[in-house]
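generate coordinates for the sequence data below:
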Amino acid sequence: MSDIGIDKAVILPTILDFLDIDLERVSPWSVKPDIQGLSLKPLIEGEAESIRSIAISGHYKRSLRHKE
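Presented below is the predicted three-dimensional model:
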């Protein structure tokens with residue numbers, strides 16, 4: 001359990017990290033996969049206290065910026 005807010009961009013990198021899958025190695029495409037987001041694995045396993053220092057969220061004509 002954590003008070004840290006996360007976004008959808010961390011889901012795939014976290015799953016791939018836990019499954020030890022290197023997408024660049026197993027990718028059938030000739031181009032490098034462009035996946036944005038960071039794995040939460042270090043945070044979940046207690047190896048890190050945070051994965052980034054800022055969070056940016058937006059909605060059409062609105063935005064919210066929060067810094068820890």
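
who are the packing partners of the longest helix seen in the chain?
Counting residues, the longest helix found in the chain (DSSP state H) is helix 11-18. Counting by 3 or more Cβ pairs under 8 Å, 6 or more residues apart in numbering; DSSP states H and E, the packing neighbours recorded for helix 11-18 are helix 41-44. Glycine gets a C-beta too; all of them are placed from N, C-alpha and C.

could I get the helix or strand that contains residue 24 in PDB with only the CA atoms?
Here residue 24 sits within helix 23-26, counting by DSSP states H and E. Provided in PDB are the C-alpha atoms of helix 23-26 (Å, rounded to 0.1, in the frame of the first residue of the first chain):
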ATOM      1  CA  LEU A  23      10.800  -5.900 -25.100                       C
ATOM      2  CA  GLU A  24      13.600  -4.900 -27.300                       C
ATOM      3  CA  ARG A  25      15.000  -8.400 -27.300                       C
ATOM      4  CA  VAL A  26      11.700 -10.200 -28.000                       C
END
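
low-scoring stretches of this protein, by residue?
Filtered on pLDDT under 70, the chain yields the residue ranges 1-5, 26-33, 55-59, 62-68.

swap the cut-off to 90 and go again
1-13, 21-40, 43-44, 46, 48-68 (pLDDT under 90).

re the thing from before, could I get the buried residue list for the helix holding residue 24?
When burial is assessed from 16 or more other Cβ atoms under 10 Å, helix 23-26 yields no buried residues.

repeat that for stretch 11-19.
In stretch 11-19, counting by 16+ other Cβ under 10 Å, buried: 13-14, 16-17.
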